[in-house]
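J.: Provided below are the primary sequence and the corresponding predicted coordinates.
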Amino acid sequence: MSDIEGRLVLLGVTGSIAAYKSAEMARALTAAGADVQPLMTHSAQAFLGPLTLQTLTRRRPMTDPLELLPDQRIAHIVAADSADLILVAPATARWLAAMAAGLADDVITATCLASSAPVVVAPAMDGEMYDHPATRANVEKLRGFGYAIVEPETGPLASGQVGRGRLAEPAAIMAAVERALQGKPIRQPDPVLRPPAVSAVPAEREQDVAGWRIVVTAGGTAEPIDPVRFIGNRSSGRMGVALAEAALARGATVTLIHGTTSVPLPEAARRVPAATAAEMRDAVLAALDDADVLLMAAAVADFRPRVRSESKISRASEGLTLELAPTEDILAEAVVLARERPRPPVIVGFAAETGSLDRAVAKAERKGVDLLVANNVAEEGSGFGTDTNRVSIIVPGDASEQWPLMTKRQVADRLFDRLIDLRAAKGASLAAR
């Protein structure tokens, strides 16, 4: 059992551009077995929607010191009395100053003042703010309170400058949390005495796709060069897994066809491994016969080595030349086969681009999908391996929709909201014919 498992951790988020990284911290803490209660300043909500943290933690973020729980207890006092640890990440220069002075004018400072739990602070700010004497004095004052400070890193900042102020990496923050909790007993194990959790699925969404048979592809493919090397990509499988989890939570039967992934796969899904593009093609076409919806979220390699060596290629000082051949266009082939069915499934493609999404619009038309989800993987917080995504929804013939930065699970649920209407409209069109 880790030092984090079973703990109640209060995650304080202040108004920094680095607030989006708090979603990663919430995910890491819950994955380590903690109960996480978010606390957000008003300015933090301008950078990150409270629903993002609620979705990840199953607890509604506390945003006001005057807030009451449904049973009329004072929310931040309940949190302060039951917390095993308070983590403030990111912590702005303004918050450091307020906390150093004991100004309880936001929910995070009020909770810290009311709690005897250990506090870990991870500052983040732009320009030369962290090195200003006032900020340094405030940091040292917090150290004097016994707070653990996870120093910010040096690197590119949101303003375009390079300096000290980047939020520390999640691994460094998690290590500080573990050190602060080491050897301490769980403070309040009774969940009744902790802040209450909320339902993972809104009531209006429960079982609204019951009876649907949904096929989801996830992860990347690995195209072998030789028995130990391959051509692949950076896909973690998070988006595909989020789609599968959302579909299962809403009552669907799910077949998850997965390549290489770095996230746990839902046990309730029928899982079909498909390491290469050829294997994924065979699995998708076999599952298509009974599908109501096909969600092609996998990042299938576009090329494979034309010749695969059956033995490991020796390292050569002059380098290695590979001749590449295109892999199967699984999405296009699925669309063609689906059209032959009396009731074709709804087919959703995914396009990972860098920069402009103009190619994605053309791709949606060319492939003949019902809907295409496109994102710019070069945008911070919207690429491979992140818990968040900013997507555009492209329906051939209609104007594109730009969705805000959300967790991938939020994207999945909002996408299913759209698919319910899209599938109904497609059924009505077929009936009219």
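T.: Done, it's in.
J.: can you pull out the helices in the stretch 1-150 of the chain?
T.: 21-31, 44-47, 50-57, 75-82, 93-101, 107-114, 133-144 (DSSP state H, counting those that start in this stretch).
J.: how about the ones you listed, which one is nearest A399?
T.: A399 lies closest, by Cβ to Cβ, to one member of the helices of the stretch 1-150 of the chain: helix 50-57, at 24.9 Å. (C-beta placed from N, C-alpha, C; glycine too.)
J.: buried ones in the closest one?
T.: If you call a residue buried by 16 or more other Cβ atoms under 10 Å, then helix 50-57 has these buried ones: 50, 52-57.
J.: Grab the most central residue of the chain for me.
T.: By Cα atoms, centre = their mean, the chain has its centre lying nearest to D387, at 1.5 Å.
J.: just to revisit the earlier point, in the buried residues of helix 50-57, which has the lowest confidence score?
T.: Taken together, these show their lowest pLDDT at T55, with 85.
J.: you'd agree it is up against T407?
T.: Yes: in this structure, T55 is within contact of T407 by Cβ atoms under 8 Å, at 5.4 Å.
J.: tally of neighbours for the closest residue in space to S2 that isn't next to it in sequence?
T.: Closest residue to S2 apart from its sequence neighbours, by Cβ to Cβ, 6 or more residues apart in numbering: A32 at 5.8 Å. By other Cβ atoms under 10 Å, 17 other residues sit near A32.
J.: Ramachandran angles for A32?
T.: phi -80, psi 0 (degrees, to the nearest 10).
J.: residues contacting it?
T.: 2, 4-5, 174 (Cβ atoms under 8 Å, 6 or more residues apart in numbering).
J.: let's go with 10 Å and repeat that
T.: By Cβ atoms under 10 Å, 6 or more residues apart in numbering, the residues touching A32 are 2-5, 7, 9, 174, 177-178.
J.: now K184
T.: 3, 7, 84-85, 117-118.
J.: Same question for A23.
T.: Residues near A23 by Cβ under 10 Å, 6+ apart: 11, 13, 38, 48-49, 52-53, 55-57, 381, 386-388, 405-408.
J.: quick one: which of these sit in strands?
T.: 11, 13, 38, 388, 406-407 (DSSP state E).
J.: Tell me the one among the residues you listed nearest to R27.
T.: Using Cβ to Cβ, T407 comes nearest to R27 of the ones in strands among the contacts of A23, at 8.4 Å.
J.: residues near that closest one, how many?
T.: Around T407 there are 25 residues (other Cβ under 10 Å).
J.: Report pLDDT for it.
T.: Value listed for T407 in the pLDDT field: 81.
J.: Enumerate every residue touching it.
T.: T407 sits next to 23, 26-27, 48-49, 51-56, 238, 242, 386-389, 413 when contact means Cβ under 10 Å, 6+ apart.
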